[in-house]
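Peer 1: Sequence below, structure please.
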Amino acid sequence: RAAPSKGGTMTLLKLSLMAFSFVFWAAGLTMLIIGLWAKVSLGSYLALSASGYPSAPTILLATGIAVIIWGFLGCFGAATEHRGLLRAYSAFLAAVLAAGLAAGLSALLYRQTLAQGFQEGLRRALLAYGEDDGVADALDALQRALSCCGVESYRDWLRSPWALGQNGSVPLSCCRARRGCQRRPPDARWLHRDGCFGRVSAFVGSNLYCVATAALGLALLQLVGIVLACLLAAPINTQYSVVRRTSFVNAFKSTK
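Peer 2: Okay, here's the model as predicted:
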């Protein structure tokens with residue numbers, strides 16, 4: 001009577017781990033797609049940062065590829081009850097969990113450093129405006145997308161080398177209407193009042209709770225996967241030991 005119950009438990013563990021692996025694989029595919037989108041769409045904006053840390057799209061791409069591969073291997077290991085793959089899968093999940101916690105703590109501890117790096121990058125871009133076309137295009141695109149002007153305000157442009165060469169003008173990307181930018185100095189009523197650094201900081205701050213909630217949910221999901229993989233690997237180990245012991249006993253009896 002105990003054997004069917006044990007077999008039913010093994011089947012339930014196997015199906016649960018396969019379902020988890022599919023969800024984990026889908027999460028990796030989502031990270032890969034978001035990383036590709038961010039690399040293409042936000043690459044020019046992120047290039048404005050002066051910090052030496054790896055960019056978020058690069059981290060998402062690398063993590064997404066690794067999760068897709070291991071999600072498939074985890075599903076395969078659960079389906080075939082391969083003890084080595086299950087142990088490696090649980091180790092990978094533990095490594096991803098530790099790396100995610102470390103990245104989250106680093107972002108929390110060094111958020112001021114990251115913010116200062118982005119602010120310094122904006123200032124450098126403003127000073128290099130007119131000399132580097134790539135930087136100028138990225139800064140113009142950022143100001144249009146966020147409806148902002150300068151680092152802290154439009155006044156940052158009035159002290160820039162480019163503006164001094166233009167008799168105190170500002171780029172058209174700062175303007176809500178072209179009419180206000182024709183004047184020197186420009187009419188502040190027709191300019192974007194907020195600085196780009198403040199807009200980016202407000203966006204990150206307003207979405208920080210959502211990011212933290214998603215990270216916590218992913219961590220709990222990984223804990224579930226680690227427990228399932230360990231539970232599924234343990235009975236397999238016991239079952240194989242019993243089979244080996246039975247085979248040895250039968251072989252020993254046959255020699256008598």
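
Peer 1: Can you tell me the element L223 falls in?
Peer 2: Using DSSP states H and E, L223 maps to helix 196-254.

Peer 1: let me fix that: D156
Peer 2: In this structure, D156 sits in helix 155-158 according to DSSP H and E.

Peer 1: list the helices and strands that helix packs on?
Peer 2: Counting by 3 or more Cβ pairs under 8 Å, 6 or more residues apart in numbering; DSSP states H and E, the packing neighbours recorded for helix 155-158 are helix 111-127. C-beta here means a position set from N, CA and C on the backbone, and glycine is covered the same way.

Peer 1: Quick check: buried residues in the helix it packs on?
Peer 2: Within helix 111-127, the residues that count as buried by 16 or more other Cβ atoms under 10 Å are A115, G117, F118, Q119, E120, G121, L122, R123, A125, L126.

Peer 1: Could you list the single helix or strand in this structure with the lowest mean pLDDT?
Peer 2: Of all helical and strand segments in the chain, the minimum by mean pLDDT, DSSP states H and E falls on helix 43-46, at a mean of 62.

Peer 1: Can you pull out the residues in contact with the helix or strand following that helix?
Peer 2: Later in the chain than helix 43-46, the nearest helix or strand by DSSP H and E is helix 56-80. Outside helix 56-80, the residues that touch it by Cβ atoms under 8 Å, 6 or more residues apart in numbering are 14, 17-18, 20-22, 24-36, 38-39, 42-43, 46, 82, 84-86, 88-89, 92-93, 96, 103, 225, 229, 232.

Peer 1: Let's see which of those residues end up in helices.
Peer 2: If you go by DSSP state H, the contacts of helix 56-80 have 14, 17-18, 20-22, 24-36, 38-39, 43, 46, 84-86, 88-89, 92-93, 96, 103, 225, 229, 232 in helices.

Peer 1: what's the neighbour count on G64?
Peer 2: Residues within reach of G64, counting by other Cβ atoms under 10 Å, total 20.

Peer 1: again, but for V135
Peer 2: V135, neighbours per other Cβ under 10 Å, totals 20.

Peer 1: so it is in which element?
Peer 2: Using DSSP H and E, the secondary-structure element containing V135 is helix 133-146.

Peer 1: ok, for A26, nearest residue in space, not its chain neighbours?
Peer 2: In space, and not counting its chain neighbours, A26 is closest to G71: 7.9 Å by Cβ to Cβ, 6 or more residues apart in numbering.

Peer 1: and that neighbour, how far is that from A102?
Peer 2: As judged by Cβ to Cβ, to the nearest Å, G71 and A102 stand 21 Å apart.

Peer 1: Kindly report the same for F197.
Peer 2: Distance of F197 to A102, computed by Cβ to Cβ: 27 Å.

Peer 1: now Q112
Peer 2: 18 Å.

Peer 1: got it, and A136?
Peer 2: 37 Å.

Peer 1: again with G8
Peer 2: Taken as Cβ to Cβ, the span from G8 to A102 is 39 Å.

Peer 1: Could you find the closest non-adjacent residue to the residue nearest to the spatial centre of the chain?
Peer 2: In the chain, the centroid-proximal residue (Cα atoms, centre = their mean) is L60; its distance is 4.3 Å. Nearest residue to L60, sequence neighbours excluded (Cβ to Cβ, 6+ apart): G35, at 3.2 Å.

Peer 1: Thanks a lot, catch you later.
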